[in-house]
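Colleague: Following is a predicted model, sequence given first.
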Amino acid sequence: MARRPRGMVGYPGPRPQHCNQGGLSSMFGIGSTELLVIMVVALIVLGPKNLPNIARTLGKAMGEFRRVSTDFQRTLNTEIDLEDHERRKKEAEKEFFDDKAKAEAPKAEQAKAETANATTESVGKNA
């Protein structure tokens, strides 16, 4: 059995960077210190009057991006599920009809044999 890396659930130690608990910093892969530096630089460059408007616009754009990406992912998953469902349906139909054909094959052979016997008897009686 393979061991899980340190930092995962049930194992002591620091968590790897890719296992952050969410939030803005984990979305871009930056820490809280880097985020603070970016915000200070933005405040200096943009000024205190423009920063709220720009932050609001950026927040709306990020929200729209998340909605679009979630919608795209949901559509993609739906299409994959639909394709998988169709594949399973075809497999089930094939299996069902193969079993049905196997069950009907002896009956069809028996009917052919009875027809052949009846034909042979009627030919034998006429001769």
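Modeller: Arrived safely.
Colleague: Give me the below-cutoff pLDDT ranges for this structure.
Modeller: Applying pLDDT under 70 to the chain flags residues 1-28, 100-101, 103-109, 111-112, 116-127.
Colleague: Longest helix in it, by number of residues?
Modeller: helix 51-126 (DSSP state H).
Colleague: just checking, what packs against that helix?
Modeller: helix 32-46 (3 or more CB pairs under 8 Å, 6 or more residues apart in numbering; DSSP states H and E). From N, CA and C alone the C-beta is placed, and that goes for glycine too.
Colleague: Touching stretch 49-67 from outside, list them.
Modeller: Stretch 49-67 has contacts (CB atoms under 8 Å, 6 or more residues apart in numbering) with Ala42, Leu43, Leu46.
Colleague: Repeat the analysis, applying 6 Å as the threshold.
Modeller: Leu43, Leu46 (CB atoms under 6 Å, 6 or more residues apart in numbering).
Colleague: Ser32 and Gly59, how far apart?
Modeller: Computed as CB to CB, to the nearest Å, the Ser32 to Gly59 distance reads 18 Å.
Colleague: and if you look at Ile38?
Modeller: 15 Å.
Colleague: And for Val37?
Modeller: Val37 is 20 Å from Gly59, by CB to CB.
Colleague: what are the phi and psi angles of Gly31?
Modeller: The phi/psi pair for Gly31 (degrees, to the nearest 10) reads phi -90, psi 180.
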